[in-house]
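Participant: Sharing a model prediction with you, sequence too.
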Amino acid sequence: MNNADLIVSGGTLVTMDAKSRVIENGAIAIRDGFIAAIGDRADIESRHRARRTIDASGALVLPGLINGHAHAAMSLFRGFADDHSLDDWLQKYIFPAEAQNVTEDFVEWGTRLSMVEMIRGGITTYADMYYFEDAVARVTKEAGMRGILGETIVDFPAPDHRTPAEAFEYTQKFIDKWRNDSLITPAVAPHSIYTLSEANLQAAGALARRNGVPILIHIAEAPFETAQSRSRHGLSPVAYLSRIGFLGPDVVAAHCIWVDSADIAALGRFDVGSVHSPSSNMKLAAGVMPVVEMLAAGNRVGLATDGAASNNSQDIFDEMDLAAKLQKIARMDPRVLPAKQALEMATIGGARALHLENRIGSLEDGKRADLILVDTNGPHATPMYNVYSQLVYALKGSDVKTVVIDGKLVMEDRRMLTLNEEEILEKAHAYQRRVSDLHSVPVMTGPSRFL
């Protein structure tokens, strides 16, 4: 008998591996944070014994979902400034609100709020861009989440630095502190081409490459960005970043909406990971990412929620559903981006976009043990003819009942195990009152006992 720390037994395993195996009545043995074995339940149980076994009967067991682009702390700005274009939303509302509200404490509690929401929805890995990213890392580690976390760099004064030079210094210390952590991957996050000079974009890329860490950036998100790039540089945002030597296989690019065939080819040639945020892009009327063309070109394409301030949810199940439907209506073709492909974008495709496909994204021997159990007993999940269609078009984040990250239980039967949800909600409401008072936004009393 082989020893294991945990066995997840029963249920239907949706592996998302290269063979797209779906194993009914399967089991997974987990040891030291890794998947030690996966296969038929009787076989796994005959060869392994564990200190703990979870009965997954009646559930779908699949890789933890991957949120490829987020601003976790911005959950405290959820609903603060809705129904504006991206440039107005940023310049007139978000940047000023951040200048007045964002502190290290704000970031800690906003990130905790997002951790609860993401874990409850089956997200086990996320990529983040924000300020005070060391605080984001501490909270992410506390929650037991896996994070690729980038300190945001902009040319103007930010909540945690007055100058880009201060931001670079902070980021180097952040990288040094977290570079060898099992859950946290530090990154450099130059915000965009419209908030950074060419010199600082290049400096951010150089900082990341000296340290061998990822680069997170917004690229070609809205028409104003593309128009500005063509006016200033005579090039599209992708072509401009290519010209200045910024693009590479360490870059994760959020949005990539306003890209043509030459841009798509360039993103593929430089092996850039691109991340689609359908809800945020639709709500801000930013545009529709050409996902179908990018996947057809072989590009790395993942899925994301973006921040709760522009979405306003952080549920990847919603994003899978919308991603598939948005591509279909944009092309008036119901055959494009089928359910299985949408699920891939939230699992193994998302891992590819983050350049982590050798570690996460599918249920396979030797990969990190990040997995979720999804209940299929609700009326909205009955009957089930096709497992991929059910996951993308019928099931919801609220159907996730158990979450394992790096071999450790972080939620079991909808009960949070690593975070104090009651305390987090109380603190979030306290910040709501503070933000409302400062910006003369009415406080919605509703049924909450915290207000």
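Facilitator: In hand now; what should we look at?
Participant: tell me the mean pLDDT over the helix ranked longest in the chain?
Facilitator: For the chain, the longest helix by residue count, based on DSSP state H, is helix 421-439. If you average the pLDDT over helix 421-439, you get 86.
Participant: other SSEs contacting it?
Facilitator: Under the contact criterion of 3 or more CB pairs under 8 Å, 6 or more residues apart in numbering; DSSP states H and E, helix 421-439 touches helix 95-101, helix 104-120. Quick note: C-beta positions are derived from backbone N, CA and C, even for glycine.
Participant: The longest one to helix 421-439, inter-axis angle?
Facilitator: With axes from the mean of the first three to the mean of the last three CA atoms, to 10 degrees applied, the angle from helix 104-120 to helix 421-439 works out at 130 degrees.
Participant: Next SSE downstream of helix 104-120?
Facilitator: strand 123-130 (DSSP states H and E).
Participant: got any ranges where this protein has weak pLDDT?
Facilitator: 439-451 (pLDDT under 70).
Participant: mind giving me the domain ranges of it?
Facilitator: Following automatic domain parsing, the chain resolves into domains at 2-63+362-415, 65-353.
Participant: Comparing the helices and strands packed on helix 421-439, which comes out most buried?
Facilitator: Among these, helix 104-120 has the highest mean neighbour count (mean count of other CB atoms under 10 Å), at a mean of 24.
Participant: one step back: can you redo the domains of the chain as JSON lines with distance to H429?
Facilitator: Formatted as JSON lines, the domains of the chain follow (distance: least, CB to CB, whole Å):
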{"stretch": "domain 2-63+362-415", "distance to H429": "21"}
{"stretch": "domain 65-353", "distance to H429": "10"}
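Participant: So which of those is nearest Q432?
Facilitator: Closest approach to Q432 among the domains of the chain (CB to CB): domain 65-353, 7.4 Å.
Participant: Mind jotting down where the helices sit in the stretch 51-200 of the chain?
Facilitator: Counting by DSSP state H, counting those that start in this stretch, the stretch 51-200 of the chain has helices at residues 86-88, 95-101, 104-120, 133-143, 164-178, 198-211.
Participant: tell me the angle the longest helix of the chain makes with helix 133-143.
Facilitator: Using the same axes, to 10 degrees: helix 421-439 against helix 133-143 is 150 degrees.
Participant: Tell me the buried residues in helix 421-439?
Facilitator: I424, L425, K427, A428, Y431, Q432, V435 (16 or more other CB atoms under 10 Å).
Participant: and the domains of the chain, which is most packed in?
Facilitator: domain 65-353 (a mean of 21).
Participant: right, and R112 touches I424 too?
Facilitator: Yes: using CB atoms under 8 Å, R112 is in contact with I424, at 4.7 Å.
Participant: contacts for stretch 173-190?
Facilitator: Outside stretch 173-190, the residues within contact range by CB atoms under 8 Å, 6 or more residues apart in numbering are 33, 127, 129-130, 133-134, 137, 140-141, 144-153, 171, 196, 200-201, 204-205, 207-208, 211, 213-217, 252, 405-406.
Participant: Thank you kindly, that will do.
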